[in-house]
Every structure is written in structure tokens, then in C-alpha cells.
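A.B. asks: The sequence and its predicted three-dimensional model are supplied below.
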Amino acid sequence: MDGSAPPTIVVHGLAHALAALAAAREAGVAVRLASAPGAAAFAGAGWFAALLRAAADAVPGAAFEAVLDCGDAPGHALAALRAGITRIALVGRPRAVRAVAAIAVQQDAAIDRRRGVRLDLGDAADPPAAARQFLANFTH
């Protein structure tokens, strides 16, 4: 990957993840599923890992990566790594972020700082239609 983020869809639950992956598969593009800001604190890494597994199982063939937003909490970031999340968003004290990044690298994971173009399905009246319309801009 060239360092740029694929089109990113912020998901707030399984229905959003399913809508995003179905639209990505239909459009033939890879998508990035991002949690809501700070989701590691209020939903947890286990929830996000389970959401990703369920969505991948329900929409086979959809190309995606995912990132869990851990806010400024290194402890939540470490829990995410333990849960098998390979991309995390973490801000805060540079020393803490560097320490978590070093642990992440040892686990083939990374702190993801790429923002890219985003759609937040929490704002969508019709998430499946919004995801299809958003990803139509990225088809070949």
C-alpha cells in the first residue's frame, strides 16, 4: 500500500459494517472500516474484533481493513492489540504513543495515522444507500 488510506467508512455497529462491506464488494473496491472516535473506551476491543469477524463472515469476498479508535488511552490500545486488532488509532503523549507503536510492530500491527476520505454511517438515514453512493466515487 502506498500509505494513503482507502475510502473509510465509520461504523457504529454490525448493520453499518455489513452495509459498508456489501457496498465495497458490489463496487469492487477495498474499504476501510473505522470505529467511532474513542470506541475502544465505550465499546471495547472485543466488541470491535467480534464485529469484524461477523461482518467478514457475512460478506465473503469483501476487501477491507479496519482501525479501532483508542482515543488518547494507551491502555485501550494495548487491549486492542491483545484482542488481535492490527490497526489502531491512538493520540496523546508522544512517549506513550511511541511505546505502544513499538509493541504493535512486534505483533505485526500498527498505529494508523492515515485519515483519508470518510463517510460516517452514524449520520446516514439509509446506511446501505449512503455506503453505495460514497463508494461509487472510488470504482475503477
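C.D. replies: It's in.

A.B. asks: In space, what's closest to residue 65 - neighbours in sequence excluded?
C.D. replies: In this structure, residue 65 finds its nearest non-sequential neighbour in residue 32, 5.2 Å apart by CB to CB, 6 or more residues apart in numbering. Where C-beta positions appear, they are placed from N, C-alpha and C, glycine not excepted.

A.B. asks: I misspoke; the intended subject was residue 12.
C.D. replies: Residue 12 sits nearest to residue 122 (CB to CB, 6+ apart), 4.8 Å away.

A.B. asks: Over to residue 134?
C.D. replies: For residue 134, the spatially nearest residue (CB to CB, 6+ apart) is residue 119, at 4.3 Å.

A.B. asks: now swap in residue 29 and tell me
C.D. replies: Take residue 29 and drop its neighbours on the chain: the residue closest to it by CB to CB, 6+ apart is residue 138, 4.8 Å away.

A.B. asks: contacting residues around the one you found?
C.D. replies: 6-7, 27, 29 (CB atoms under 8 Å, 6 or more residues apart in numbering).

A.B. asks: mind listing what residue 85 touches?
C.D. replies: 45, 48-49, 66, 68, 109.

A.B. asks: Mind pulling the model confidence for the residue nearest to residue 12?
C.D. replies: As predicted, residue 122 sits at a pLDDT of 96.

A.B. asks: separation between it and residue 66?
C.D. replies: Going from residue 122 to residue 66 by CB to CB, to the nearest Å gives 16 Å.

A.B. asks: So for these two, which sits in the more crowded spot?
C.D. replies: Legend: neighbour count by other CB atoms under 10 Å for residue 122 and residue 66, higher for residue 66 (23 against 12).
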